[in-house]
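Asker: fold the following.
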Amino acid sequence: MKVVLTKAVSKIGRRGDVKNVADGFFRNFLFPRGLAAVATPGRLKEAEDRRKRSTLEVEQIRKNAAEVAKKLASGQVSVMGKATPKGKLYAAISTETILKAVEAQLGLKILDSMLISNEHIKSVGKFTLGVQLSDEVKSQITIEVTASKK
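Answerer: Here you go, the predicted model:
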């Protein structure tokens, strides 16, 4: 039976996908939960239109992410923290502090989930953090940590 998925279904497909499924699977699982509808000509056309819009949106997101990646790679962010005379920070630099500094200094708003950081910044110096802007676009940002004047 040919159906159009109305919602994403694990191991089956995403919303708008046209799939062939067993009659019983549709009747007993997909249809009662509102996950799929019978593929009529109108629904097939609607699914195709949605797929075209989705493709255009994904392409636009990819272009925007590439522009942001260039800005991040070329920029450097400075963060200050209280430190000992040997350069060890009293408190680690939080991701929230980094995100605020990126927004203030570079004018870019990135999300906490986009930062790829395996380590905590606990000393003065330069650090490079990865940033996952989209599924395909990754970048790096340089963070310079300096000791604040008391």
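
Asker: quick check: mean pLDDT across the lengthiest strand in the chain?
Answerer: If you go by DSSP state E, the chain has its longest strand at strand 138-147. Averaged over strand 138-147, pLDDT sits at 91.

Asker: what residues of it count as buried?
Answerer: Neighbour counts over strand 138-147 (16 or more other Cβ atoms under 10 Å) mark S139, I141, I143, V145, A147 as buried. Yep, even glycine has a C-beta here, placed from its N, CA and C like the rest.

Asker: make TSV out of these and add distance to P41.
Answerer: Below are the buried residues of strand 138-147 laid out as TSV (distance: Cβ to Cβ, whole Å):
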residue	distance to P41
S139	44
I141	50
I143	55
V145	61
A147	69
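
Asker: quick check, nearest of these to L44?
Answerer: Using Cβ to Cβ, S139 is the member of the buried residues of strand 138-147 that lies nearest L44, at 39.1 Å.

Asker: which residues does the closest one contact?
Answerer: By Cβ atoms under 8 Å, 6 or more residues apart in numbering, S139 lies in contact with V68, A69, K70, L72, A73, G130, V131, L133.

Asker: now the first one. Its backbone dihedrals?
Answerer: In this entry, V68 is assigned phi and psi values of phi -60, psi -40 (degrees, to the nearest 10).

Asker: and it, what does it touch?
Answerer: L108, I110, L133, S139.

Asker: just name the closest of those residues to L30, please.
Answerer: Nearest to L30, judged by Cβ to Cβ, of the contacts of V68 is L133 at 34.4 Å.

Asker: number of nearby residues for L35?
Answerer: L35: 17 surrounding residues under other Cβ atoms under 10 Å.

Asker: distance of the closest residue to A69 other than its chain neighbours from A66?
Answerer: Take A69 and drop its neighbours on the chain: the residue closest to it by Cβ to Cβ, 6 or more residues apart in numbering is S139, 3.7 Å away. Relative to A66, S139 is positioned 9 Å away (criterion: Cβ to Cβ, to the nearest Å).
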